[in-house]
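**Student:** No letters, just coordinates:
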């Protein structure tokens, strides 16, 4: 049989939807109260290489605004996970590895690993951290402050590229959550920086 012809996807422009920094979805300025509807929208959320966010169905495609990250990590579960021969039975049993699993505000579970990295942006002036974890390719969850405090409690020192850093292990991967600045990271003219802050 000949292939079924598909109609081209309609570009709808701006859907007039916004995801606030706290993870709340808005449509035309009003919050969307039904969590089930938000979860449905989230399944068709995409991010382009230019950083723009789109809702993409087989029939329609439209841009939405995201203030920070589309999801928020609201809970952390710490435990041990099996992999790379860990947890096998027998005379020689490799130790289980630490596994950090996050729950998002939409109840999606994601474990930090090579494909779901944790990254932390550090403000060069205030040193305030802005932590994230990848949920799906191109889509991240901002790690809420209480959850980040739990990460800090699990952090341990390691040497990476000759620098002493603090970070956490998950699924055999080390993620840096605090890095001391080097002289190269500091601005050349601190007086100009002070003027900008003022």
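**Tutor:** Yep, it's here. The model shown is predicted, which means the values in this text are computed figures rather than measured ones.

**Student:** As a check, name the ranges of all helices in the protein.
**Tutor:** Secondary structure of the chain, counting by DSSP state H: helices at 35-43, 145-154, 190-197.

**Student:** Which strands or helices does the second one pack on?
**Tutor:** If I follow you right, that is helix 145-154. strand 71-81, strand 97-104, strand 129-136, strand 163-170, strand 173-179 (3 or more CB pairs under 8 Å, 6 or more residues apart in numbering; DSSP states H and E). Glycine gets a C-beta too; all of them are placed from N, C-alpha and C.

**Student:** JSON lines for the helices of the chain, including mean pLDDT, mean neighbour count and distance to residue 59?
**Tutor:** Below are these laid out as JSON lines (pLDDT from 0 to 100; neighbours: other CB atoms under 10 Å; distance: least, CB to CB, whole Å):
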{"stretch": "helix 35-43", "mean pLDDT": "95", "mean neighbour count": "13", "distance to residue 59": "15"}
{"stretch": "helix 145-154", "mean pLDDT": "94", "mean neighbour count": "15", "distance to residue 59": "37"}
{"stretch": "helix 190-197", "mean pLDDT": "42", "mean neighbour count": "10", "distance to residue 59": "47"}
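
**Student:** okay if I get those as JSON lines plus distance to residue 130?
**Tutor:** Shown next, in JSON lines, are those (distance: least, CB to CB, whole Å):
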{"stretch": "helix 35-43", "distance to residue 130": "21"}
{"stretch": "helix 145-154", "distance to residue 130": "9"}
{"stretch": "helix 190-197", "distance to residue 130": "18"}
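
**Student:** Figure out which of those is closest to residue 79.
**Tutor:** helix 145-154 (11.5 Å; CB to CB).

**Student:** Now do the closest one: everything it contacts.
**Tutor:** Identification of contacts with helix 145-154 by CB atoms under 8 Å, 6 or more residues apart in numbering yields 73-76, 78, 98, 100, 102, 118, 129, 131, 143, 166, 168, 177-178.

**Student:** Just flag the most distant two among those.
**Tutor:** Spanning the widest gap among these are 74 and 166, at 22.8 Å by CB to CB.

**Student:** And the two? Which one has more around it.
**Tutor:** residue 74 (18 against 15; other CB atoms under 10 Å).

**Student:** From what I see, the more buried one and residue 103 are in contact.
**Tutor:** Yes. Residue 74 is within contact range of residue 103, at 6.2 Å (criterion: CB atoms under 8 Å).

**Student:** Mind listing what's buried along stretch 155-171?
**Tutor:** 155, 165, 167-171 (16 or more other CB atoms under 10 Å).
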